[in-house]
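what follows is a predicted protein model with its sequence.
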Amino acid sequence: MKELRKRVPRTQFARWEPAPDRADPLELLHASERGRVPALLELRHERMRTNAFAFYRGCAALMAADLAPVPVTGLHVQLGGDAHLLNFGGYATPERNLIFDVNDFDETLPGPWEWDVARLCASAPLLGAVRGFGASTGEEAAFAAARSYRRHMRALAKYSPLQIWYSHVDVRGMLARELTPPRDADHVKSSDDQAETVREAFAAYHKSLPSYVQVLLERYAPADVFEHPVGIGSVGLYAAIIKLESREGDVLYLQAKEAVASVLEPYLKASRFANHAERVIVGQHLMQAATDIFVGWTAHAGRDFYIRQLRDAKASLDVEQITAEQLVDFARRCGAVLARAHARTGDPQAIAEYLGSGHAFETGMVGFAQAYSQQVERDYEEFCRADRTGRLP
């Protein structure tokens, strides 16, 4: 382990700077938007113009390209791939308990654990700036996330694989302070073409479900399909709400969402799954402590889709109301669940030994968060200039 630390110092992330041949951010953005619904790209760019953190959420592909040349330990886990602060939250387990966990897996792929931690830590100064907090708050939140990751990974290294698999983070005590239910968006009637595509995808998705869930789902029949606003990173992909009704009048809402190749694939091994929706769902099962029973996947008309229950008692970070103290505490909790998610598929003993008992790792991550958040601010300004002058495709 001393040799590994010498080859990849725990503080090396603090020295991050853009590579001399760094890819053009606008070209990477354009490449990541190929195949999306053209009419929705204007909406995607409008959301990304809101602030640098919104831009960051929409440009996971850019960060993947920036991290690819950085030396890593070679210890791989199942990555979330887009582990910024707003991709953690509360939700209900099949047993109807509320837990806190990673909740976005569109970019999931096996890869270096450092990339998820870097994505999380860099999001802290950007989100702190949105709330008008001083730079010290963002740095404190990044430090808290990295330190919590290290401490929990070292604790998990003493657990058996089964103990790690069954561990989870309860949200009791969090909901009143940091987490709020998502706001209901206006349901817009889906276009005939999109509605038909989603209905046919839904009809085929049953095959990916366990037999006992198929029996349950057969008690509901599709009643309608609506367009569904999604996170900034996914705008332009097919996304819809399927309203189902039982004979007794009970309503079940499912979300159908298109899945495409992970932005990590150009820099890691390609997914072993031919269907990208299956890649997403398998990654979700691997990383989450508990997963919605309705998650499944299918393909239709050349597009991959995953389907899951919509907003099953979900709660997320209230960006508009959170205080500086709550931001730091929330980042700490995110670091903890990210460590648990990684420990399920990686080598927690090796990662823990590399991280060590001192503060070298979190100090390096704070330096990275400072440097990379400044780079995001510069890229965001370039994006806004290109948008104003009509250079965005």
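Yep, that arrived. Computed from a predicted structure; not experimentally measured.

quick one: Glu265 and Trp113, what's the gap?
Per C-beta to C-beta, to the nearest Å, Glu265 is found 18 Å from Trp113. To be clear about C-beta, it is placed using only N, CA and C from the backbone, and glycine gets the same treatment.

out of the two, which sits in the busier spot?
Taking other C-beta atoms under 10 Å, Glu265 and Trp113 do not tie; Trp113 has more neighbours (28 against 18).

tell me the bridge partners for the nearest residue to the more buried one once chain neighbours are set aside.
Nearest non-adjacent residue to Trp113, counting by C-beta to C-beta, 6 or more residues apart in numbering: Val77, 4.6 Å away. Counting by DSSP bridges, Val77 forms beta bridges with Gly111.

quick one: neighbours of Val77, just the number.
25.

ok, now Val72?
Going by other C-beta under 10 Å, the residues that sit close to Val72 add up to 17.

check Ser246 too.
Neighbours of Ser246 using other C-beta under 10 Å come to 11.

for it, give me its contacts.
Counting by C-beta atoms under 8 Å, 6 or more residues apart in numbering, Ser246 touches 219-221, 252.

same question, Asp66
Contacts of Asp66 (C-beta under 8 Å, 6+ apart): 16, 18-19, 22, 372, 375.

how about Leu244, secondary structure?
strand (DSSP: H, G, I helix; E, B strand; the rest coil).

that older thread, buried only: go through the contacts of Asp66 for me.
16, 372, 375 (16 or more other C-beta atoms under 10 Å).

break the protein down into its structural domains.
Here the domain assignment for the chain is 2-182+319-388, 188-309, based on automatic domain parsing.

just send these back as JSON lines, with mean pLDDT too.
Below are those laid out as JSON lines (pLDDT from 0 to 100):
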{"stretch": "domain 2-182+319-388", "mean pLDDT": "91"}
{"stretch": "domain 188-309", "mean pLDDT": "89"}
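
what about the nearest residue to Pro125 once chain neighbours are set aside, helix or strand, and which?
The shortest distance from Pro125 to any non-neighbouring residue, by C-beta to C-beta, 6+ apart, is to Gly138 (3.0 Å). Using DSSP states H and E, Gly138 maps to helix 135-156.

and that helix, what does it pack against?
Here helix 135-156 touches helix 113-130, helix 324-343, helix 348-355, helix 360-388, going by 3 or more C-beta pairs under 8 Å, 6 or more residues apart in numbering; DSSP states H and E.
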